[in-house]
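A.B. asks: What shape does this take:
(one chain, ligands or ions: 2)
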Amino acid sequence: MIEVRDLTKTYGSERAVDDISFVVQPGEVLGFLGPNGAGKSTTMKIITCYLPPTAGTVLVDGLDVRRDTLAIRQRLGYLPEHTPLYLDMVVYDYLAFMAAMRGLPASEHRRRIGEMAELCGLQGVLGKRIDTLSKGYRQRVGLAQAMIHNPPILILDEPTTGLDPNQIVEIRELIKAIGREKTVILSTHILPEVQASCDRVLIINKGKLVADGTPDDLQASFSGGQRIRLGVQNGHAASVAEVLENWGPVQIVESQQDGDSGTLFTLRADTKDDLRPHLFRLAVEQGWTLTELHRDQANLEDVFRQLTAG
Ligand code: ADP
Ligand code: MG
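C.D. replies: Ligands and ions are numbered 1, 2, ... in the order given. Just a heads-up that it's a prediction; the model follows:
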């Protein structure tokens, strides 16, 4: 649906985007992560035809951003970083205005605004002036205007920045609902959000792509494997350590007393495979009484920090 190929953008001598390539499949929800200044907004502005590339190409639905800007914009809904709203307009009038701008016939405005109001939870505020709305509601109006012409692709630049935790959950649910039907690229700083709503994640740092994969893949590949906590009841600790050392796939990172009843081992393994069933069977064979068996993975925040810090 979107193909970014060897894309570079310079502002004067600064390379804001430095030779990045990626493809977004139809129906995919792609999370675009990176620290401030990484080049996320610049990339989105090029995909949406607001800025021309310095080098490289972007194809949207097979169309070239250098040539087919109008046709591309008809297929896109864009929510920029700073939601552009006419604050002195009433929500309904603003959405009708945007519908007209996007070429919807006047006879369809009422129906379409009704659909957007339902999807974005705007039913109670259609008659209110935008400057009287909270930030969360303004963001919903921004989403509604981005989708009013029913585009198959949505580009959302930090749609939840500045919202409170309840509003973040609401917008996240909304994006999930939208993502079932549309291709979405979403930039954000909020990592749990990516985990909750994205099929795939790109991490960009200083204009370069540093990671591309599903949230689970990224966590598995950058955690250096997995950590497992294994609790065993007293009476076996010395032999447990010996058996584990000789077992193969795990190393003992530490062992500590778990209250007075047992020992808690922290194990490391350099594999993505789930070792818990194997450990369970090992415990049964050896006659150990398990008190705990838990697998930890590095979270996306660890991955993000590892790839973009310093
Ligand atoms: P992000 O959205 O990831 O925070 P941006 O794409 O906004 O990053 O910015 C990438 C880099 O390009 C930053 O160093 C920023 O200062 C610079 N930049 C962005 N827009 C402009 C502009 N219009 N003129 C000059 N430099 C810019
Ligand atoms: Mg930005």
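A.B. asks: which regions of the chain sit below the pLDDT cut-off?
C.D. replies: For the chain, applying pLDDT under 70 flags the ranges 220-225, 236-237, 297-299, 310.
A.B. asks: Leaving out the residues flanking it, which one is nearest to whatever residue of the stretch 51-200 of the chain ends up closest to ligand 2?
C.D. replies: The minimum distance from the stretch 51-200 of the chain to ligand 2, using C-beta to the ion, falls at residue 81 (5.0 Å). For the C-beta atoms, the positions are set from N, CA and C on the backbone; glycine is no exception. Excluding the flanking residues, the one nearest residue 81 by C-beta to C-beta, 6 or more residues apart in numbering is residue 157, at 4.3 Å.
A.B. asks: sorry, back to before: what kind of secondary structure is the residue of the stretch 51-200 of the chain closest to ligand 2 in?
C.D. replies: Following DSSP: H, G, I helix; E, B strand; the rest coil, residue 81 is assigned to coil.
A.B. asks: picking that back up, neighbours around the residue nearest to residue 81, how many?
C.D. replies: 22 (other C-beta atoms under 10 Å).
A.B. asks: I'd assumed residue 84 was in contact with it.
C.D. replies: No - the pair residue 157 / residue 84 is not scored as a contact, 11.3 Å apart, by C-beta atoms under 8 Å.
A.B. asks: bridging residues for residue 264?
C.D. replies: residue 231, residue 256 (DSSP bridges).
A.B. asks: quick one: contacts for it?
C.D. replies: 229-231, 255-258, 291-292 (C-beta atoms under 8 Å, 6 or more residues apart in numbering).
A.B. asks: for ligand 2, what are the nearby residues on the stretch 51-200 of the chain?
C.D. replies: residue 81 (C-beta under 5 Å from the ion).
A.B. asks: at 8 Å what do you get?
C.D. replies: Residues of the stretch 51-200 of the chain found near ligand 2 (C-beta under 8 Å from the ion) are 81, 157-158, 187.
A.B. asks: which of these has the most neighbours?
C.D. replies: residue 187 (24 neighbours).
A.B. asks: Could I get the full set of strands for the stretch 151-300 of the chain?
C.D. replies: Applying DSSP state E, counting those that start in this stretch to the stretch 151-300 of the chain gives strands spanning 153-157, 183-188, 200-205, 208-213, 226-233, 250-258, 262-269, 290-296.
A.B. asks: and the gap between the residue of the stretch 51-200 of the chain closest to ligand 2 and residue 252?
C.D. replies: 48 Å (C-beta to C-beta, to the nearest Å).
A.B. asks: Please apply the same query to residue 93.
C.D. replies: Applying C-beta to C-beta to residue 93 and residue 252 gives a distance of 67 Å.
A.B. asks: How many residues are close by the nearest residue to residue 257 once chain neighbours are set aside?
C.D. replies: Using C-beta to C-beta, 6+ apart and skipping the chain neighbours, the partner closest in space to residue 257 is residue 263 (6.3 Å). By other C-beta under 10 Å, 20 other residues sit near residue 263.
A.B. asks: Pretty sure residue 263 sits against residue 256.
C.D. replies: Yes - using C-beta under 8 Å, residue 263 is in contact with residue 256, at 7.1 Å.
A.B. asks: residues from the stretch 1-150 of the chain in reach of ligand 1?
C.D. replies: Selection of the stretch 1-150 of the chain residues close to ligand 1 by C-beta under 6 Å from any ligand atom yields 11, 14, 16, 34, 36-42.
A.B. asks: Neighbour-wise, give me the winner out of those residues.
C.D. replies: Of these, with other C-beta under 10 Å as the count, residue 34 tops at 26 neighbours.
A.B. asks: that older thread, export the contacts of residue 264 to a markdown table and append columns for distance to residue 282 and neighbour count.
C.D. replies: Converted to a markdown table, the contacts of residue 264 look like this (distance: C-beta to C-beta, whole Å; neighbours: other C-beta atoms under 10 Å):
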| residue | distance to residue 282 | neighbour count |
| --- | --- | --- |
| 229 | 15 | 15 |
| 230 | 10 | 26 |
| 231 | 14 | 18 |
| 255 | 16 | 17 |
| 256 | 20 | 8 |
| 257 | 22 | 11 |
| 258 | 19 | 17 |
| 291 | 15 | 16 |
| 292 | 15 | 13 |
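A.B. asks: and which of these is nearest to ligand 1?
C.D. replies: Ligand 1 has its nearest neighbour among the contacts of residue 264 in residue 229, at 36.8 Å by C-beta to the nearest ligand atom.
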